[in-house]
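Colleague: Okay, sequence plus prediction incoming.
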Amino acid sequence: MSVFTHLVAELGRLLEPVLAQSATAAAIVLFTVLVRLALHPLSRAAFRGATPAAGCLPILLQLPVFFVMYQAFSSAEVGGKANELLGHRLFAAPLGARWTEALGEGGLFGAQGLVFLGLFGAIAVVAAWSAVRGRRTAASVAAAAAVTAATAPRKAAASKKPGAGGGAKAGVGAGSKAGAGVGVMAEVSAEQQEVMRKLGGVLPLLSFGTLITAAVVPLAAGLYLLTTTAWSVAERAWLQYRKERAEQLMGGGVRSSL
């Protein structure tokens, strides 16, 4: 933890000529961005569905960082010396302060309380953005599954057309197999739609859980949560945009070749 506090303190000193007393808060944001940049390859692999574990790794690897951030701004001493980070502030609020402490120093709309309200407001905006995108993604996946279920019977009907002579028997056999496959596909698609409908209603609401966490951890840890959550939503939006753009270009190439 002493290495972490030294790193954040040095980053804060570099930013101090520009940001004055809020330099350490900016250093925390910068540190979070560096962590997310290091994890970007894993996040990209998770988005592409390269491996099942890839989706969990970016979150799991951040847990130690968040724990160190929490401890660094909760401990009075680090390495047997006074914790210098506790004296730094974001505007009027100490980075080691919690919301309950800010309420005791002037109330909800006091100088420190307003800093926390600003943090909560920013987290709420990011959570709302994440919830909207989550619902849209769930709806698009459900729509794609519905299209697949609707087009599958047509493909099966085409495969049932009998041929001449011995081809008729082969056609019937292939048609029966295709019909069974369609039944399974339609059943799976219906199950997928139901699952996506339920997840689409629940998962977006989990984004607002960050607000509860930010209300009980030190202000510095709340800044980390805000930055990493905003990065996650923006990163996924960018990856989704690139995917849709690539699909449009591929589709245009197919049409032009026809």
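Modeller: Arrived safely. Numbers count the residues shown, from 1 in each chain.

Colleague: After the helix or strand bottoming out on mean pLDDT in the chain, which helix or strand is next? Please name it.
Modeller: Ranked by mean pLDDT, DSSP states H and E, the weakest helix or strand in the chain is helix 166-206, scoring a mean of 52. Next helix or strand after helix 166-206 toward the C-terminus (DSSP states H and E): helix 209-216.

Colleague: other SSEs contacting that next one?
Modeller: helix 99-103, helix 111-159, helix 219-257 (3 or more C-beta pairs under 8 Å, 6 or more residues apart in numbering; DSSP states H and E). Using the backbone N, CA and C atoms, a C-beta is placed for each residue, glycine as well.

Colleague: so what's residue 27 closest to, chain neighbours aside?
Modeller: Spatial nearest neighbour of residue 27, chain neighbours left out: residue 11 (3.6 Å); criterion: C-beta to C-beta, 6 or more residues apart in numbering.

Colleague: If I take whichever strand or helix holds the one you found and helix 219-257, what angle do their directions form?
Modeller: Using DSSP H and E, residue 11 sits in helix 2-19. Interaxial angle of helix 2-19 relative to helix 219-257 (axes from the mean of the first three to the mean of the last three C-alpha atoms, to 10 degrees): 80 degrees.

Colleague: Show me what helix 2-19 is packed against.
Modeller: Here helix 2-19 touches helix 23-48, helix 57-72, going by 3+ C-beta pairs under 8 Å, 6+ apart.

Colleague: Which strands and helices lie in contact with the next helix or strand after the last one?
Modeller: Where DSSP H and E defines the elements, the next helix or strand beyond helix 57-72 is strand 77-78. Contacts of strand 77-78 with other secondary structure elements, assessed using 3+ C-beta pairs under 8 Å, 6+ apart, are absent: no helix or strand is involved.

Colleague: going forward, begin numbering at 875 instead of 1
Modeller: Okay, residue one is now 875; in that scheme the one you just asked about reads as strand 951-952.

Colleague: residue ranges with poor pLDDT in this protein?
Modeller: Scanning the chain for pLDDT under 70 picks out the ranges 875-876, 923-929, 1012-1079, 1126-1132.

Colleague: again, only this time at 80
Modeller: Within the chain, the set of residues satisfying pLDDT under 80 comprises 875-878, 920-931, 952-954, 1008-1081, 1125-1132.

Colleague: just to revisit the earlier point, list the neighbours of the helix holding residue 885 that are in contact with it.
Modeller: Residues from elsewhere that reach helix 876-893 (C-beta atoms under 8 Å, 6 or more residues apart in numbering): 897-902, 904-905, 942-943, 946, 952-953, 957-959, 962.

Colleague: which parts of that helix are buried?
Modeller: The neighbour-count check on helix 876-893 (16 or more other C-beta atoms under 10 Å) flags 878-879, 882, 885-886, 889-890 as buried.

Colleague: Reformat the helices and strands packed on helix 876-893 as JSON lines; add mean neighbour count.
Modeller: Shown next, in JSON lines, are the helices and strands packed on helix 876-893 (neighbours: other C-beta atoms under 10 Å):
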{"stretch": "helix 897-922", "mean neighbour count": "18"}
{"stretch": "helix 931-946", "mean neighbour count": "16"}
